[in-house]
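S.K.: Have a look at this prediction, sequence included:
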Amino acid sequence: MEKIVIVGYRPFPGKESQLMELMNIHWQTLDKENLVSARKPVLMKSLDGTVIEVFGWKSKEAMDLAHSNETVLKIWEKYAEVCEYVPIAELTESKHIFSEFSPLN
């Protein structure tokens, strides 16, 4: 059963463009590894510059497999160099019933 996830990435100072480059290949990489559903990701940005990605894993098992997939781990290592992962609850927008973000795709 598909699992929808929402992930926040807060770029380190001066690393915004590198983060966006990774965002543009992240889902395609997961798709090539047969880990995500056909649902295209939604990319957006919060007021503080955090980039949010919403996408669907094929299943809980696919999510687990990603954590031992060398191709996926390599891209996640690159993420660690340019951003920190941020719980969505930390974003100001998440405090509102209708959380508004700026679209990136």
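M.R.: Thanks, I have it. Numbers count the residues shown, from 1 in each chain.
S.K.: For the longest helix seen in the chain, buried residues please.
M.R.: Secondary structure of the chain per DSSP state H: the longest helix is helix 16-32. Judged by neighbour count (16 or more other Cβ atoms under 10 Å), helix 16-32 contains these buried residues: 18-20, 22-23, 26-27, 29-31. Heads up, the C-betas are built off the backbone N, CA and C, glycines and all.
S.K.: pLDDT added to the residues you listed, as TSV?
M.R.: Formatted as TSV, those follow (pLDDT from 0 to 100):
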residue	pLDDT
Gln18	97
Leu19	97
Met20	95
Leu22	96
Met23	93
His26	95
Trp27	95
Thr29	96
Leu30	97
Asp31	97
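S.K.: what are the ranges of the helices in the protein?
M.R.: 16-32, 60-66, 70-82.
S.K.: tell me the mean pLDDT for the shortest one?
M.R.: Model confidence over helix 60-66 averages 97 on the pLDDT scale.
S.K.: For that helix, which helices and strands make contact with it?
M.R.: strand 3-11 (3 or more Cβ pairs under 8 Å, 6 or more residues apart in numbering; DSSP states H and E).
S.K.: So what touches the strand it packs on?
M.R.: The contact list for strand 3-11 (Cβ atoms under 8 Å, 6 or more residues apart in numbering) reads 18-19, 23, 39, 46, 48-57, 59-60, 63, 79, 82-88, 90-91.
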